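J.: using only what follows, build the 3D model:
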Amino acid sequence: QAQLAEFGGGLVQAGQSLTLSCVNSGRDLRESGMAWFRQSSGKEREFVASTNWRRGRVYYTDYGDFVKGRFTTFRNNSGNTMILQMHSLSPEDTAVYFCNADPGVVGPTTPGRYWGQGTQVTVSS
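T.: Numbering: from 1, shown residues only. Predicted coordinates:
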């Protein structure tokens, strides 16, 4: 079983950048999908980004519509750490960001079976 942990959340001002990390310390997920979702207070969970690997390399990366080129996600060479670089943050990006993973493909409507505890991102105006 995968054990996911998110790092890097915090408080930033609008327009600034923040980088989140998700580290998997459990089951090897190199041949897998990993994703970021977020949830704001009073709102439904929202897809942020995903990266799916096969045969040790990325074969598909996807982003939520709201990202609009501001975020980039990638995995390290081992495939067990996923990074989310966020730029031009706005107060609307304030949310708890969750790491998600699965041995299969993950995407906007197909979250994986494993979840991290989440990390809070707060963007002040």
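J.: touching, Gly112 and Phe98? I think so.
T.: No: assessed by C-beta atoms under 8 Å, Gly112 is found out of contact with Phe98, at 10.8 Å. For glycine as for every other residue, the C-beta is placed from the backbone atoms N, C-alpha and C.
J.: what distance do you get for the most centrally placed residue in the chain to Tyr97?
T.: By C-alpha atoms, centre = their mean, the chain has its centre lying nearest to Trp36, at 2.4 Å. Note on Trp36: its distance to Tyr97, by C-beta to C-beta, to the nearest Å, is 6 Å.
J.: all strands of this protein, in order?
T.: Counting by DSSP state E, the chain has strands at residues 4-7, 10-13, 18-24, 33-39, 46-54, 57-63, 71-75, 81-86, 95-102, 114-115, 119-124.
J.: between those strands, which gets nearest to Pro108?
T.: Within these, the stretch nearest Pro108 is strand 46-54; the backing value is 4.0 Å (C-beta to C-beta).
J.: and that closest one, what's buried?
T.: Residues of strand 46-54 classed as buried: 47-53 (neighbour count, 16 or more other C-beta atoms under 10 Å).
J.: strand partners (parallel or antiparallel) of that strand?
T.: strand 33-39 (antiparallel), strand 57-63 (antiparallel) (DSSP bridges).
J.: any residues touching it, and which ones?
T.: Contact with strand 46-54 is made by 30-40, 58-64, 66-67, 71, 73-75, 79, 82, 84, 95, 97, 105-109, 111, as judged by C-beta atoms under 8 Å, 6 or more residues apart in numbering.
J.: which among those residues end up buried?
T.: By 16+ other C-beta under 10 Å, the contacts of strand 46-54 give 30, 32-38, 62-64, 67, 71, 73, 75, 79, 82, 84, 95, 97, 105-106, 108, 111 as buried.
J.: nearest residue to Asn80 in space, ignoring adjacent ones along the chain?
T.: Asn24 (4.5 Å; C-beta to C-beta, 6 or more residues apart in numbering).
J.: residue contacts, that neighbour?
T.: 2-4, 34, 80-81, 101.
J.: what's the weakest-modelled helix or strand in the protein?
T.: Ranked by mean pLDDT, DSSP states H and E, the weakest helix or strand in the chain is strand 57-63, scoring a mean of 86.
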